[in-house]
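Asks: Structure, please.
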Amino acid sequence: MTPGPGFPAFAPHHSDTAALLADAARRRGMDVTVLPADGVPERYRGRADDAHYCG
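Replies: Prediction:
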């Protein structure tokens, strides 16, 4: 598991709330990702510092 400030993982659709959360996370030095519909990219597998947002 990779230590770090964590990263929010967003559903693959746009929402104003997701955009606001992503901007705030980037300002805090977090790695923000939008997950593809077909799975989790290899670089994020095995990390325990994620936070999912699907709204």
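
Asks: pretty sure residue 7 contacts residue 43?
Replies: No: applying CB atoms under 8 Å as the test, residue 7 and residue 43 come out as separate, 10.2 Å apart. For the C-beta atoms, the positions are set from N, CA and C on the backbone; glycine is no exception.

Asks: out of the two, which sits in the more crowded spot?
Replies: residue 7 (17 against 10; other CB atoms under 10 Å).

Asks: which stretches of the chain aren't confidently modelled?
Replies: Where the chain drops to pLDDT under 70, the residues are 1-5, 50-55.

Asks: and if we set it to 90?
Replies: 1-15, 17-19, 21-22, 25-26, 28-55 (pLDDT under 90).

Asks: what are the ranges of the helices in it?
Replies: For the chain, the helices defined by DSSP state H cover 16-27.

Asks: Tell me which residue lies nearest the centroid of it.
Replies: In the chain, the residue lying closest to the centroid (CA atoms, centre = their mean) is residue 9, at 2.3 Å.

Asks: in the sheet, who's paired with that one?
Replies: Note on residue 9: beta-bridge partners by DSSP bridges are residue 33, residue 52.

Asks: looking at it, it is touching residue 35, isn't it?
Replies: Yes: between residue 9 and residue 35 there is a contact at 5.3 Å, judged by CB under 8 Å.

Asks: Determine the residues that are contacts of both of the two.
Replies: residue 44 (CB atoms under 8 Å, 6 or more residues apart in numbering).

Asks: Residue 11 contacts residue 22, correct?
Replies: No: in this structure residue 11 lies outside contact range of residue 22 using CB under 8 Å: 11.8 Å.

Asks: between those two, who's got more neighbours?
Replies: Between residue 11 and residue 22, counted using other CB under 10 Å, the more crowded position is residue 22 (17 against 14).

Asks: And the more buried one, how close does it get to residue 41?
Replies: For residue 22, the distance to residue 41 equals 16 Å [CB to CB, to the nearest Å].

Asks: neighbours around residue 26, how many?
Replies: Residue 26 has 12 nearby residues by other CB under 10 Å.
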